[in-house]
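[1] return atomic coordinates for the entry below.
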Amino acid sequence: MIRINEIKLSLDEEEILIKAKASKILKINEKYIKHLSIFKKSIDARKKDNVHFTYSVDVEIALDEEQIVKKCKSGKVSIVKPYRYEAPVCNRKSEFRPIVVGFGPAGMLAGIILAEAGQRPIILERGKGIDERTRDVKEFWTKAKLDEESNVQFGEGGAGTFSDGKLTTGIKSPFIRKVLEELYEAGAPEEILYSAKPHIGTDRLAVVVKNIRRKIEKLGGEIRLESRLDELLIANGFVHGVRYTKHGKTYDLETDSVIMAIGHSARDTVEMLYNSGCEVIQKAFSVGARIEHPQSLINKAQYGEFAEHPKLGAADYKLSCHGLHERGAYTFCMCPGGTVVAAASEKGGVIVNGMSSLARDGENANSALLVGIEPKDFPSEHPLAGIYYQREIEHKAFELAGGNYKAPAQLVGDFLKNEKSTALGDVEPTYPLGVTLTSLSECLPDRVTKTMQSAIVEMDKKLSGFALYDAVLTAPETRSSSSVRILRDEFLQCAIRGVYPCGEGAGYAGGIVSAAVDGIKCAHAVLKDEH
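    Here you go, the predicted structure:
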């Protein structure tokens with residue numbers, strides 16, 4: 001197969017022209033191209049007077065590929081092998097079914113791999129199924145009634161279900177393609193297979209999650225919803241089973257393999273693992289707020305005169321500033337045409353996050369504006385000090401906003417002047433439970449607010465309008481990643497043999513794709529059965 005990079009199309013050209021452009025680069029007649037597929041598609045907006053699409057395509061031809069590539073003499077052309085996922089040889093001979101704890105991205109992909117290998121995994125998920133969970137989340141967003149076991153953080157699909165469904169990642173792994181293919185097979189749009197910035201959208205994620213569950217069940221696996229892990233049953237340093245609670249009743253399950261794909265908000269489970277003998281260490285995390293702008297402003301800043309072109313849709317951005325007050329600031333999980341959501345999982349705490357539908361057609365753009373917090377900033381050296389620090393910030397925010405899960409908010413202009421906000425401007429905040437205008441310095445650490453202030457000014461130089469006076473900051477965002485790492489060895493097991501800390505909650509991922517990839521890796525480790 002031949003890959004051709006840097007095929008350009010103007011906004012007014014149709015994709016049907018790609019084949020002709022590919023044949024021209026290869027210096028062959030179109031009739032010799034048997035099949036052409038898009039490998040990657042991106043928007044090139046570096047020059048605002050020439051915004052266009054750039055493609056990489058894979059072609060199969062009815063000619064000698066090596067000879068054609070050599071003949072065309074182009075650095076854009078190379079021979080590649082199609083990706084094919086290959087599972088490891090299964091060495092696991094145990095009579096017990098492996099258990100996966102958590103049914104977010106890591107747990108879902110671990111479940112798929114184990115089920116495909118004939119291991120009939122049992123997956124425990126503390127939250128409810130996607131439909132019931134969605135009703136509970138809407139109940140919270142409209143009536144401030146929080147269910148601590150069924151919310152934005154807990155339930156079928158994990159925390160990523162109520163997000164943009166963003167599939168960008170900074171990691172390099174051959175398993176990324178496997179993740180994307182599984183999501184596409186489960187109902188995600190085809191464009192996730194080739195878009196440079198793939199996303200599924202909150203509205204489509206529910207369908208995807210249900211179909212993944214059905215696939216695992218069809219292969220002999222089992223998903224036990226509303227089943228909260230309470231305890232690992234351990235003897236002589238090895239796991240022998242788990243104890244969990246479902247509808248008020250306690251059950252024991254015998255096993256010798258447990259993948260702990262618990263997510264970054266299962267704080268009680270992390271404490272249980274720590275008390276059970278897992279080695280837990282502090283890990284850097286980030287704190288900040290969601291910043292909301294009019295989406296039209298972002299479109300104009302990114303696409304110039306092409307801002308309203310129907311092929312472009314809502315623009316995004318990714319910004320960072322380093323060396324500010326000895327710590328970095330960056331934007332994260334930018335949601336074009338999205339909303340700021342209430343993401344609490346514990347009573348008496350406020351947390352914000354962002355999400356977008358597949359269409360990304362909302363009035364506002366929002367993104368997390370985050371500042372790195374290092375372990376040296378934690379209030380103590382206790383391994384779980386980061387968790388306690390996060391919780392303290394969330395509780396302060398709850399009290400500052402007046403309780404009932406409203407969120408503290410401040411206009412960017414007032415934030416930069418260190419003045420308490422008293423009235424909104426032209427940007428209407430989208431946080432569903434309402435905001436209380438105040439000064440964010442009363443709930444965020446001083447070093448965080450100072451860095452955010454510097455960052456907004458610097459980021460405005462990169463993205464015109466970022467420091468818009470009426471833009472709204474809603475806080476706090478504390479759950480972008482885990483504040484602990486559960487140590488594991490070269491076999492991906494922790495100090496308790498047979499237990500595999502996995503994904504974001506264990507400190508080995510940050511986002512849907514990286515968590516899913518880690519789920520695959522841990523499933524492979526179970527199949528290899530090395531101790």
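
[2] which residues touch residue 252?
    233, 241, 242, 243 (C-beta atoms under 8 Å, 6 or more residues apart in numbering). The C-beta positions use only the backbone N, C-alpha and C, and glycine is treated the same way.

[3] 7 Å - rerun?
    Listed by C-beta atoms under 7 Å, 6 or more residues apart in numbering, the contact partners of residue 252 are 233, 241, 243.

[4] helices or strands up against the one helix or strand the first one maps to?
    With the criterion set as DSSP states H and E, the secondary-structure element containing residue 233 is strand 227-235. When contacts are defined as 3 or more C-beta pairs under 7 Å, 6 or more residues apart in numbering; DSSP states H and E, strand 227-235 sits against strand 122-125, strand 238-246, helix 267-276.

[5] now, of the ones you listed, which is deepest in the fold?
    With neighbours defined as mean count of other C-beta atoms under 10 Å, the helices and strands packed on strand 227-235 peak in mean count at strand 122-125, which reaches a mean of 26.

[6] which strands border it, and is each parallel or antiparallel?
    strand 99-101 (parallel), strand 222-225 (parallel) (DSSP bridges).

[7] what is the subsequent helix or strand relative to it?
    Counting by DSSP H and E, what follows strand 122-125 is helix 130-143.

[8] in space, what's closest to residue 350 - neighbours in sequence excluded?
    residue 397 (4.2 Å; C-beta to C-beta, 6 or more residues apart in numbering).

[9] ranges for the helices of the chain?
    18-26, 65-72, 105-116, 130-143, 175-185, 202-218, 267-276, 295-303, 385-400, 412-416, 446-462, 512-528 (DSSP state H).

[10] got any ranges where the stretch 101-250 of the chain has weak pLDDT?
    164 (pLDDT under 70).

[11] quick revisit: compare the helices and strands packed on strand 227-235 and give me the one nearest residue 139.
    Across the helices and strands packed on strand 227-235, residue 139 has its closest neighbour in strand 122-125 (19.3 Å, C-beta to C-beta).

[12] now do that closest one: everything it contacts.
    Contacts to strand 122-125, defined as C-beta under 7 Å, 6+ apart, come from residues 97, 99-103, 107, 111, 156, 221-225, 227, 229, 244, 253.

[13] could you pull out the strands for the stretch 351-500 of the chain?
    Along the stretch 351-500 of the chain, the segments classed as strands by DSSP state E, counting those that start in this stretch run 352-355, 364-373, 407-411, 435-437, 472-477, 484-486, 499-501.

[14] CA atoms of stretch 352-359 as CSV?
    Provided in CSV are the C-alpha atoms of stretch 352-359 (Å, rounded to 0.1, in the frame of the first residue of the first chain):
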residue,chain,number,x,y,z
VAL,A,352,-16.6,21.9,36.4
ASN,A,353,-15.9,20.2,33.1
GLY,A,354,-16.8,20.8,29.5
MET,A,355,-18.7,18.9,26.8
SER,A,356,-19.9,19.3,23.2
SER,A,357,-22.4,17.5,21.0
LEU,A,358,-21.2,16.0,17.7
ALA,A,359,-22.5,19.1,15.9
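
[15] what sits against the closest residue to residue 213 other than its chain neighbours?
    Nearest non-adjacent residue to residue 213, counting by C-beta to C-beta, 6+ apart: residue 223, 5.3 Å away. Applying C-beta under 7 Å, 6+ apart, we find residue 223 in contact with 103, 123, 125, 213, 216, 217.

[16] quick revisit: generate CSV for the strands paired with strand 122-125, with distance to residue 175 as supplementary columns.
    Below are these laid out as CSV (distance: least, C-beta to C-beta, whole Å):
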stretch, distance to residue 175
strand 99-101, 17
strand 222-225, 22
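
[17] mind checking pLDDT for residue 324?
    Listed pLDDT for residue 324 reads 57.

[18] ignore what I typed, I meant residue 531.
    63.

[19] and among the strands paired with strand 122-125, the most buried is which?
    Counting by mean count of other C-beta under 10 Å, the most buried of these turns out to be strand 99-101, with a mean of 29.

[20] mind listing residues that contact that one?
    With C-beta under 7 Å, 6+ apart, strand 99-101 has contacts from 107, 110-111, 121-124, 229, 242, 253, 255, 257-262.

[21] rerun at 6 Å
    107, 110-111, 121-124, 229, 242, 255, 258-262 (C-beta atoms under 6 Å, 6 or more residues apart in numbering).
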